[in-house]
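Visitor: Here is the input, now give the coordinates:
(one chain, ligands or ions: 1)
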Amino acid sequence: MITVRNLSKSFGARTLWEDLDLTVEAGRMLALVGASGSGKTTLLNCLGLLERPSGGRILFEGTDVTRLGPRGRRRFRRDELGYLFQDYALIEDATVRANLAVARRRGSPDDESVLGRVGLAGRAQEKVHRLSGGERQRVALARLLVKQPSLVLADEPTGALDSGNGAMVVDVLRELSREGRAVVIATHNARVRDACDSAFDVSARRTPATS
Ligand SMILES: Nc1ncnc2c1ncn2[C@@H]1O[C@H](COP(=O)(O)OP(=O)(O)OP(=O)(O)O)[C@@H](O)[C@H]1O
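Guide: Reported below is the predicted structural model:
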């Protein structure tokens with residue numbers, strides 16, 4: 001699904017990582033681990049084409065997506081990618097239903113089934129800004145279930161949550177991987193790391209990984 005070859009990233013004179021190689025196949029979950037500041041979020045941003053690597057290639061189903069122009073990058077993000085960030089990235093002053101509608105595409109499951117899956121049955125008409133942090137993260141999860149992206153990138157998705165909500169996030173990400181999506185999760189949480197098929201230590205940065 002996604003393969004990284006000889007990837008490097010520097011900010012000025014500071015090199016975060018270089019010669020980074022990893023592969024995540026469809027149906028697999030990879031944990032990105034490593035010390036704070038080692039560049040996990042930066043790697044996720046490179047995979048999501050939000051940031052350009054300093055060198056190397058990112059192949060998505062054989063295509064080097066680092067070479068895409070602005071339109072190709074937008075299309076890749078729109079059609080293939082799903083994000084789960086700690087700040088939820090939701091439209092705060094819109095309803096839960098409107099937030100799900102943004103991700104809807106042909107063949108998406110209906111709102112009530114995904115809201116039921118994340119424990120928000122009957123909440124579609126509520127405004128997102130009135131929801132708690134855990135509920136917002138569940139809306140973000142529901143949006144992933146609606147979008148059904150091929151590649152899911154999650155940055156500390158359980159960081160601000162209690163253990164029940166954290167376990168639900170991991171369960172839903174696992175469900176998405178079982179359905180054939182590749183899932184990459186940056187995390188400091190040992191339970192989340194252990195729930196993944198394998199872990200890649202960004203601090204080590206020369207260790208090849210396959211998931
Ligand atoms: N646009 C930027 N310009 C300069 N430095 C940056 C930029 N973005 C990130 N960095 C630096 O790169 C380093 C890695 O940041 P990143 O957020 O990727 O680390 P991380 O492993 O995700 O950290 P944490 O576990 O604390 O979330 C940090 O030192 C950060 O300050």
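Visitor: Up against the ligand, what does this protein have?
Guide: Counting by C-beta under 6 Å from any ligand atom, the chain comes close to the ligand at 11, 16, 34, 36, 37, 38, 39, 40, 41, 42, 186. (Each C-beta comes from the backbone N, C-alpha and C, glycine too.)
Visitor: Now the last one. Nearest residue, chain neighbours left out?
Guide: Residue nearest to residue 186 in three dimensions, not counting chain neighbours: residue 40, with 3.8 Å by C-beta to C-beta, 6 or more residues apart in numbering.
Visitor: In this structure that neighbour contacts residue 33, no?
Guide: Yes. Between residue 40 and residue 33 there is a contact at 7.4 Å, judged by C-beta atoms under 8 Å.
Visitor: Check the contact lists of those two and give me the overlap.
Guide: Taking C-beta atoms under 8 Å, 6 or more residues apart in numbering as the contact rule, the neighbours common to residue 40 and residue 33 are 186, 202.
Visitor: returning to what we had before: just checking, which of the residues of the chain next to the ligand belong to helices?
Guide: 40, 41, 42 (DSSP state H).
Visitor: Show me which of those residues is closest to residue 174.
Guide: Taking C-beta to C-beta as the measure, residue 174 sits nearest to residue 40 out of these, at 19.8 Å.
Visitor: Dihedrals phi and psi, the residue sitting nearest the centre point of the chain?
Guide: Centroid check for the chain by C-alpha atoms, centre = their mean gives residue 153 as the closest residue, at 1.5 Å. With angles defined as degrees, to the nearest 10, residue 153 sits at phi -120, psi 120.
Visitor: on that earlier part again, residue 40 and residue 33: who's more crowded?
Guide: More crowded of residue 40 and residue 33, by other C-beta atoms under 10 Å: residue 40, with 27 against 22.
Visitor: In stretch 100-116, which residues are buried?
Guide: 100, 103, 108, 111, 114, 115 (16 or more other C-beta atoms under 10 Å).
Visitor: Thanks again, I'm all set now.
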